[in-house]
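Q: Sequence and predicted structure below; questions after.
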Number of protein chains: 4
Amino acid sequence: MIRIFVTGGTFDKQYNELAGTLAFKETHLPEMLRLGRSRVDVAITTLMMIDSLDMRDADRARIVDECRRAEQSRIVITHGTDTMIDTARELATAAPGVGSKTIVLTGAMIPYAFGSSDGLFNLGSALSFVQVLTSGVYVAMNARCFTWDRVSKNRSTGVFEPL
Amino acid sequence: MIRIFVTGGTFDKQYNELAGTLAFKETHLPEMLRLGRSRVDVAITTLMMIDSLDMRDADRARIVDECRRAEQSRIVITHGTDTMIDTARELATAAPGVGSKTIVLTGAMIPYAFGSSDGLFNLGSALSFVQVLTSGVYVAMNARCFTWDRVSKNRSTGVFEPL
Amino acid sequence: MIRIFVTGGTFDKQYNELAGTLAFKETHLPEMLRLGRSRVDVAITTLMMIDSLDMRDADRARIVDECRRAEQSRIVITHGTDTMIDTARELATAAPGVGSKTIVLTGAMIPYAFGSSDGLFNLGSALSFVQVLTSGVYVAMNARCFTWDRVSKNRSTGVFEPL
Amino acid sequence: MIRIFVTGGTFDKQYNELAGTLAFKETHLPEMLRLGRSRVDVAITTLMMIDSLDMRDADRARIVDECRRAEQSRIVITHGTDTMIDTARELATAAPGVGSKTIVLTGAMIPYAFGSSDGLFNLGSALSFVQVLTSGVYVAMNARCFTWDRVSKNRSTGVFEPL
């Protein structure tokens, strides 16, 4: 079984039509897995529902703690792309770490709810990488998978690139 | 670099609005990779554009031959789901085989052009599995990956299941 | 209150993913009205769910009869585009006719379920025309509205044109 | 010929994936008319591209002026819903007015670019009402059409209601 921790990010942003603004409500993960006809056994837990620019040390500490305590050794984390690598670093370097687990962080540049999202593609990718990679902390974006210390986000293009 | 061979299947079906029927025109693969913001280096070749129920021995022989001759050792094949496993078997058992390559077949239950397709999810999955699996012939559907001789399609549910 | 009679047509076609074919199940009208946030008072009745090429005299007779017997004087009929004009003629020329009512037929070139449909646009148009036009039988397609005897469908372009 | 004046509003909001915010770029009107297979003769002019909460007196004065000077007597204005009625009032009461023209304002609660928008439905509706209504200034939302002084927007539901 794969554990999926939801933290929010663009993945789960939606449009609040009364306020005319972007907002978080429920996660779209179950709907996305249904659309993808996923048959992988998963347990989904929403840890928080925030923009990753608003993520604080305490939030990251909680993510690390939840990964550490999870029964599953294979974990996918949906996360805003802006600080995804920061959380990956925290997971990889925390002591005592989550060293024996395979953790894949993924996200989206366009909200799933907005129709032309990369989220479904990235989710299919992350769920696949997490099943076959050895223990470690990874970032899966753009159909590529990077170890946490070998990747940076190019802010002018939105693309994750090898360091 | 990953080679993508397009053979048609539900993946690429679209609606012919003048005839009111399903039809094949161009492949949607480039558009899907753009939507998924894929940054994996790929070369796409359309081998045929047919329903896999219409695929004949000569078509399968051509697929095997193209895989054998491809310079790339990592290959994704988009394929109709009805006979995907037959083509996988042909690839795995043909002599001389394609033994040193990693070949992943994938498809969709709903056409990509129809909005609520599993195609983007499966493509993200197949492109990920093909990068990390050792040589062999695989079927990637429903976020799972099976070796060619360990899978069957459940025709009453449309789900690929382990043998 | 506006009466909506559903007869099927491309509007309501969907993809049967197990058979890989086009099929009719339930009408999408309620979902479309919800998406359009329609606040017009409507009563929806599904009369049949067929391709208009399969519509027979008895089907048309039933549509005429239902329009005649409807309490409402304003009626929208969703209909396949291929024989929409035939049904409009039948409605306009049947004796005893439906003469005191305003009846607007509409349809779609692309199924609503397929994402990039003209159906929502046409439905908004038909519901608007039916509220303001005087009694008569009309065809509303392509944002235009024609009286039943002043329109033909151009089969090579799919466009409804003035006679 | 129908004149379409674009002023922005939710209709044309889109997601800026690098900034993670809502933004205006080009209008989606031409794409929407294409999707709806509109065959009504239109001339589209983008007057401004703003949230209607940011619309100032000078902006409204410009809209009035453009409507007055337009050669066409039938005009559709796409507009944010929050102050749509204010602009309608300005158009109706400005002296010298636009009295001999039929002007229909419309908008959307969900951006067209976000997939599940009411925009296409409203556009089909507005283009239909404008063709048949007598001179005056109207608001077309939720498949209904109101004269400018007989409507209010219910801010808790987002629905336009009769006064």
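A: Thanks, I have the structure now.

Q: how much space between the residue in chain A sticking out farthest from the centre and C:Arg39?
A: With distances taken from the mean C-alpha point of chain A and given as CA atoms, centre = their mean, the most distant residue is A:Leu18, at 28.3 Å. To C:Arg39, A:Leu18 is 16 Å away according to CB to CB, to the nearest Å. (Each C-beta comes from the backbone N, C-alpha and C, glycine too.)

Q: Is chain D within reach of stretch A:135-151?
A: No: counting by CB under 8 Å from any CB of the partner chain, chain D has no neighbours in stretch A:135-151; the shortest distance is 12.7 Å.

Q: Please point out which parts of that stretch sit buried.
A: Across stretch A:135-151, burial judged by 16 or more other CB atoms under 10 Å in any protein chain shown covers A:136-146, A:148, A:151.

Q: Repeat that for stretch A:10-21.
A: Judged by neighbour count using 16+ other CB under 10 Å, the buried positions of stretch A:10-21 are A:10-15, A:17, A:20.

Q: Give me the helices and strands touching the lengthiest strand in chain A, please.
A: Assignment by DSSP state E gives strand A:42-50 as the longest strand of chain A. Strand A:42-50 makes packing contacts with strand A:2-8, helix A:29-35, helix A:57-69 when contacts are defined by 3 or more CB pairs under 8 Å, 6 or more residues apart in numbering or on different chains; DSSP states H and E.

Q: Now render these as JSON lines, adding mean pLDDT, distance to B:Val159 and mean neighbour count.
A: Conversion of these to JSON lines gives the following (pLDDT from 0 to 100; distance: least, CB to CB, whole Å; neighbours: other CB atoms under 10 Å in any protein chain shown):
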{"stretch": "strand A:2-8", "mean pLDDT": "98", "distance to B:Val159": "18", "mean neighbour count": "23"}
{"stretch": "helix A:29-35", "mean pLDDT": "97", "distance to B:Val159": "13", "mean neighbour count": "18"}
{"stretch": "helix A:57-69", "mean pLDDT": "96", "distance to B:Val159": "30", "mean neighbour count": "15"}
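
Q: Output the ones you listed as a markdown table; include the columns distance to chain D.
A: Written out in a markdown table, the entries for those read as follows (distance: least, CB to the nearest CB, whole Å):
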| stretch | distance to chain D |
| --- | --- |
| strand A:2-8 | 12 |
| helix A:29-35 | 12 |
| helix A:57-69 | 17 |
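
Q: Among those, single out whichever gets nearest to C:Arg69.
A: Across the helices and strands packed on strand A:42-50, C:Arg69 has its closest neighbour in helix A:29-35 (42.0 Å, CB to CB).

Q: Which parts of chain A are strands?
A: Here chain A has its strands, by DSSP E, at A:2-8, A:13-16, A:21-24, A:42-50, A:74-78, A:102-106, A:136-141, A:144-147, A:151-154, A:159-162.

Q: Mind listing residues that contact the first one?
A: To tie it back to what came earlier, the one meant is strand A:2-8. Among residues not part of strand A:2-8, those counted as contacts by CB atoms under 8 Å, 6 or more residues apart in numbering or on different chains are A:12, A:24, A:27, A:29, A:40-52, A:55, A:59, A:63, A:66-67, A:70-72, A:74-80, A:87, A:127, A:130-131.

Q: Got a quick ChimeraX command for the buried subset of those residues?
A: Here is the ChimeraX command that selects the buried residues among those (16+ other CB under 10 Å):
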select /A:12,24,27,29,40,42,46,47,48,49,50,51,52,55,59,63,66,67,70,72,74,75,76,77,78,79,80,87,127,130,131
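
Q: returning to what we had before: please produce TSV containing the helices and strands packed on strand A:42-50, extended by distance to B:Thr106.
A: TSV is the format used below for the helices and strands packed on strand A:42-50 (distance: least, CB to CB, whole Å):
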stretch	distance to B:Thr106
strand A:2-8	19
helix A:29-35	16
helix A:57-69	29
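
Q: how about these, which one is nearest D:Gly107?
A: Taking CB to CB as the criterion, helix A:29-35 is the member of the helices and strands packed on strand A:42-50 that comes nearest to D:Gly107, at 27.5 Å.

Q: Output the contacting helices and strands for the closest one.
A: Counting contacts by 3+ CB pairs under 8 Å, 6+ apart, helix A:29-35 packs against strand A:42-50, helix A:119-132.
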